[in-house]
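Participant: A structural model of the following input is requested.
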Amino acid sequence: MISTKNTLKALLALASMALTMSAMANDPDDLFHLVEVQDKSEVWINPGMASYHFDQNKNYNGANWGAGLEYRFNTVASVTAGRFYNSDRQYSNYCRCLL
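Facilitator: Predicted coordinates for the structure are as follows:
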């Protein structure tokens, strides 16, 4: 008997492979490209909301509410910070600087 968990994993793997293959079929050279640096100066609000855990027997928290802010200096550089209530029912803080 095939379990629901294994079926979902297989479907996700197949969907991922199909997306990758369709991108490569269009133009393999266009799969990766350099991003042109352009000034942005944008502020984004990043809400944390929910997650799904395949192992439902471990009683993980699926309501991962939180908030974060991101400031984009340009198309390739940003800084992000936030806080959310994680799957282990603890608060997690994060910070990232991408230059």
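Participant: Next SSE downstream of the helix or strand of the chain with the lowest mean pLDDT?
Facilitator: Of all helical and strand segments in the chain, the minimum by mean pLDDT, DSSP states H and E falls on helix 4-26, at a mean of 77. Next in sequence after helix 4-26, counting helices and strands by DSSP states H and E, comes strand 39-50.
Participant: That following strand pairs with which strands, and in what direction?
Facilitator: Strand pairing for strand 39-50, using DSSP bridges, gives strand 63-74 (antiparallel).
Participant: List the buried residues in the strand it pairs with.
Facilitator: Under the neighbour-count criterion of 16 or more other CB atoms under 10 Å, strand 63-74 has 66, 68, 70, 72 buried. Quick note: C-beta positions are derived from backbone N, CA and C, even for glycine.
Participant: tell me the contacts of Cys97?
Facilitator: With contact taken as CB atoms under 8 Å, 6 or more residues apart in numbering, Cys97 is in contact with 78-80.
Participant: do Val79 as well
Facilitator: 70-71, 73, 95-98.
Participant: Which two of those residues have the greatest separation?
Facilitator: Phe73 and Cys95 (15.5 Å; CB to CB).
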